[in-house]
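Asks: Give the three-dimensional model of this entry:
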Amino acid sequence: MNITIVGTGYVGLVTGTTLAELGNSVYCVDVDASKIAKMKNGIVPIYEPGLEEMFLRNIQADRLHFTTELSEAIDKSEVIYLALPTPPGEDGSADLSYVLGVAEQIGSLMTNYKVIVNKSTVPVGTADKVREVLLSKTNSPFDVVSNPEFLREGFAVEDAMNPARVVVGSTSERAKEIMSKIYQPFTNTGIPIIFMDEKSSELTKYAANSFLAVKITFMNEIANYCEKVGADVDHVRLGMGSDDRIGHRFLFPGIGYGGSCFPKDVKALIKSGKNENYDFKILEATEKVNQKQKVILAEEIDDYFDGQLQDLKIAVWGLAFKASTDDIREASSLDNIRIFLERGAKVIAYDTVAEENVRKILGDQIEYAKDMYTALEGADCLLIATEWPEFKNPNFKLMAEKLKNKVIFDGRNMFPLELAEQNGFYYKSIGRKTITP
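Replies: Down below sits the predicted model:
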């Protein structure tokens, strides 16, 4: 089948590449000419494990194409996916200007039947808005479908090729038949397609992400309480997660959630509720708690040094909001770094994957280390902000030699407590006993 993907950001590029892998001819459209030129030359513009190999394979197989010309792609495709940004406004509402703007262009260009698929995360009722825009621009037949993505950054290729489920929102039998054909390779292996109406499909994505944000935040609250009463959150989460009604995933405490999805989707659902005179009190609390959790160790560092951060050197391991991605949107590392800078500290950070993106924001306000141990040279303490695997089994002897003080603040609970204790480090993590030499 011929498919067009409008928008080659994280969702659009992964979706387009994996649909090509399933045997479709995919035309990826973007207004950024330099980005399109790079992709035509085999350069993947985002970091995602497993994507580059699949990307290059499908270019070579002539199934994956790139263009800045929307009209060219629409003429060749029956199905058009909208994978466009929906950034939060100041009030938390999702900005639909990109989605509706492209819908207007598509309507002006259509000459025969098309299925317009909303892949972007959008508020309830967006399919109706897209439909209204199209009706105002075309007399050609069409259907609008909601098909939310459930991709985890760092595992997006795996999630796209082996989804737990495919959610399709449509009341059109013709559109459902076409979407079934696209996803037939999944149904052949037992993966379910769940059909529902468009509004329910739109809400499913927000509900899923918001629930996971609540689960993470609840675990962080439990972790903070563990420290008050002398319990160990690692034991508590294992006990909780063994209940199959709860499960082990998303029970790891830390310095809050970030990224492009959870913060934005929680805000958008809160705002959508207010538009209907409904208060999502549990989500409002989740957002408030998470903002505080993200910088909980910055305050611990400040207390450790008696409020005197001026001219101290703080090493930071990890800049991405999570491991296996270069995404720094809403990253806890940045919230902490800004506090350190405001209080006069110097920061040297290490994250080879996310460094380039941080440079675009912070420039030379901080130093960037070539490796994890260079970051420690002369530092007064270390903050671990991202759970990169290379941090899990470090050379503690070398760390002790490099650091001015053997002091670690671990926002991702990377080390067993006994290991920090055996090596003589002050070690503050989340929801566990503080190790004091």
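
Asks: The most far-flung residue of the chain relative to its centre in helix, strand or coil?
Replies: Distance from the C-alpha centroid of the chain, by CA atoms, centre = their mean, peaks at residue 139 (38.1 Å). Under DSSP: H, G, I helix; E, B strand; the rest coil, residue 139 falls in the coil class.

Asks: could you check the distance from it over to residue 130?
Replies: 17 Å (CB to CB, to the nearest Å). From N, CA and C alone the C-beta is placed, and that goes for glycine too.

Asks: I'd like to check which residues are in contact with residue 58.
Replies: If a contact means CB atoms under 8 Å, 6 or more residues apart in numbering, then residue 58 has 17, 20, 21, 26, 64 as its contacts.

Asks: pLDDT (mean, whole number) over the biggest helix by length in the chain?
Replies: Counting residues, the longest helix found in the chain (DSSP state H) is helix 198-229. Here helix 198-229 scores 97 as its mean pLDDT.

Asks: ok so, going back, now, the contacts of residue 58 that are in helices?
Replies: Checking the contacts of residue 58 against DSSP H, those in helices are 17, 20, 21.

Asks: any chance you could map the helices in the stretch 251-400 of the chain?
Replies: 262-275, 281-294, 296-304, 332-342, 355-362, 396-402 (DSSP state H, counting those that start in this stretch).

Asks: In a markdown table, list those helices along with distance to residue 242, mean pLDDT and mean neighbour count.
Replies: Below are the helices of the stretch 251-400 of the chain laid out as a markdown table (distance: least, CB to CB, whole Å; pLDDT from 0 to 100; neighbours: other CB atoms under 10 Å):
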| stretch | distance to residue 242 | mean pLDDT | mean neighbour count |
| --- | --- | --- | --- |
| helix 262-275 | 25 | 95 | 20 |
| helix 281-294 | 24 | 98 | 17 |
| helix 296-304 | 27 | 98 | 18 |
| helix 332-342 | 28 | 98 | 20 |
| helix 355-362 | 38 | 97 | 15 |
| helix 396-402 | 31 | 97 | 14 |
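
Asks: so what does the longest helix of the chain touch, helix or strand wise?
Replies: Contact partners of helix 198-229 among helices and strands, from 3 or more CB pairs under 8 Å, 6 or more residues apart in numbering; DSSP states H and E: helix 126-135, strand 142-146, strand 166-169, helix 233-241, helix 262-275, helix 281-294.

Asks: buried sites along it?
Replies: Within helix 198-229, the residues that count as buried by 16 or more other CB atoms under 10 Å are 198-199, 201-206, 209-210, 212-224, 226-227.

Asks: Am I right that residue 427 falls within a strand?
Replies: Yes. Using three-state DSSP, the assignment for residue 427 is a strand.

Asks: got a list of what it touches?
Replies: 408, 410, 415, 417, 420, 421, 434, 435.

Asks: Derive a ChimeraX selection command for the buried subset of the residues you listed.
Replies: Applying 16+ other CB under 10 Å to the contacts of residue 427 leaves a buried subset, and the ChimeraX line that selects it is:
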select :408,410,415,417,420,435
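
Asks: okay, the contacts of residue 427 in CSV with pLDDT and distance to residue 252 next?
Replies: Output for the contacts of residue 427, formatted as CSV (pLDDT from 0 to 100; distance: CB to CB, whole Å):
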residue, pLDDT, distance to residue 252
408, 98, 18
410, 98, 12
415, 97, 14
417, 97, 16
420, 96, 18
421, 96, 21
434, 98, 19
435, 97, 19
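
Asks: which among the contacts of residue 427 gets closest to residue 100?
Replies: Nearest to residue 100 among the contacts of residue 427: residue 410, at 44.5 Å, using CB to CB.

Asks: what residues are up against the closest one?
Replies: By CB under 8 Å, 6+ apart, the contact list for residue 410 reads 384, 427, 428, 429, 430.

Asks: Nearest residue to the fourth one in space, please, no chain neighbours.
Replies: By the measure of CB to CB, 6 or more residues apart in numbering, the closest residue to residue 429 outside its immediate chain neighbours is residue 410, 4.3 Å from it.

Asks: next one: the last one
Replies: Closest residue to residue 430 apart from its sequence neighbours, by CB to CB, 6+ apart: residue 253 at 4.5 Å.

Asks: ok, that neighbour touching residue 237?
Replies: Yes. Here residue 253 reaches residue 237: they are 7.3 Å apart, a contact under CB atoms under 8 Å.

Asks: And these two? Which one has more around it.
Replies: residue 253 (27 against 21; other CB atoms under 10 Å).

Asks: No further queries at this time; thank you.
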